[in-house]
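*Asks:* sequence unknown, structure follows:
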């Protein structure tokens, strides 16, 4: 998809690129909504206000129980698929300029993995929204695959916690048009959300590692991560829920202010 030339010598992005950018931003919003639902319900559960610990598919089910929930879920589906496509294309064509170093190749490989995961998320949304069997599979990963995935997730979780500690938000985040106060709050909320999500992913990686080390092929439910953190100290139930909400807010910030490079 080549750029179209202006008479003045400037270039105009191909319309397909523009649409990919628009739907990718919608993908950030869609993911943000899922995180907000999961986080709010986890917070209510931690406070004894009747919530529940759920995974993304549970968030879809919760959404469908609300007025206009099914139309909203259907509207979110293109966002999941376009976000998945953008992640994989960005990794293949290196539009994020990660490079071919070991760290760059790892980032690009993880981008492909993210794309695959969000492709699965979109298929789950399709299956629930249209009551179909799309996205169901009988394939079960072996212990070695689970072990590799667990190690990769744990490394990513450590990186996310480090990124939160050092206040390293997305390098493509463009906050130049916001006030100093707004930028300060965006950074604070984002750091908290990124760090909390890192803890949750790290907990999931440990559970996955335990399952693989025991020779089992069972993949733990995502919400078991919060149970694992809560077993360390009950305050992690509260911090985990609040952190997931904060990460949902961070995704909305990315939808508005992130630079989206398309190939």
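*Replies:* Nice, thanks for sending it over. These figures come from a predicted structure and were not determined experimentally.

*Asks:* got phi/psi on the residue positioned nearest the centre of the chain?
*Replies:* Nearest to the mean C-alpha position of the chain, by Cα atoms, centre = their mean, lies residue 31 at 6.2 Å. The phi and psi values for residue 31, taken as degrees, to the nearest 10, are phi -60, psi -40.

*Asks:* the closest residue to it other than its chain neighbours: neighbour count?
*Replies:* Excluding the flanking residues, the one nearest residue 31 by Cβ to Cβ, 6 or more residues apart in numbering is residue 251, at 5.2 Å. For every residue, glycine as well, the C-beta is placed using N, CA and C. Residues near residue 251, counting by other Cβ atoms under 10 Å, number 22.

*Asks:* residue 251: what's it in contact with?
*Replies:* Residues near residue 251 by Cβ atoms under 8 Å, 6 or more residues apart in numbering: 28-29, 31-32, 35.

*Asks:* 10 Å instead, please
*Replies:* Counting by Cβ atoms under 10 Å, 6 or more residues apart in numbering, residue 251 touches 27-36, 190, 193, 258.

*Asks:* how about residue 38?
*Replies:* With contacts defined as Cβ under 10 Å, 6+ apart, residue 38 is in contact with 51-56, 58-59, 62, 200, 222-223, 226, 240-241, 244-245, 247-248.

*Asks:* same check, this time on residue 33
*Replies:* 59, 63, 72-73, 76, 79, 248, 251-252.

*Asks:* how close does residue 164 sit to residue 258?
*Replies:* 17 Å (Cβ to Cβ, to the nearest Å).

*Asks:* actually residue 237, not the one I wrote
*Replies:* 30 Å.

*Asks:* what do you get for residue 152?
*Replies:* Residue 152 is 24 Å from residue 258, by Cβ to Cβ.

*Asks:* who has more neighbours, these two?
*Replies:* Using other Cβ under 10 Å as the criterion, residue 152 and residue 258 rank with residue 258 on top: 18 against 15.

*Asks:* out of the contacts of residue 33, who has the most neighbours?
*Replies:* residue 79 (25 neighbours).

*Asks:* just give the nearest non-adjacent residue to residue 224, would you?
*Replies:* In space, and not counting its chain neighbours, residue 224 is closest to residue 207: 5.9 Å by Cβ to Cβ, 6+ apart.

*Asks:* re earlier: thought the residue nearest to the centre of the chain was touching residue 83?
*Replies:* Yes - with contact defined as Cβ atoms under 10 Å, residue 31 counts as touching residue 83 (6.8 Å).

*Asks:* in stretch 221-234, what's buried?
*Replies:* Buried residues in stretch 221-234, counted by 16 or more other Cβ atoms under 10 Å: 222-223, 225-230.
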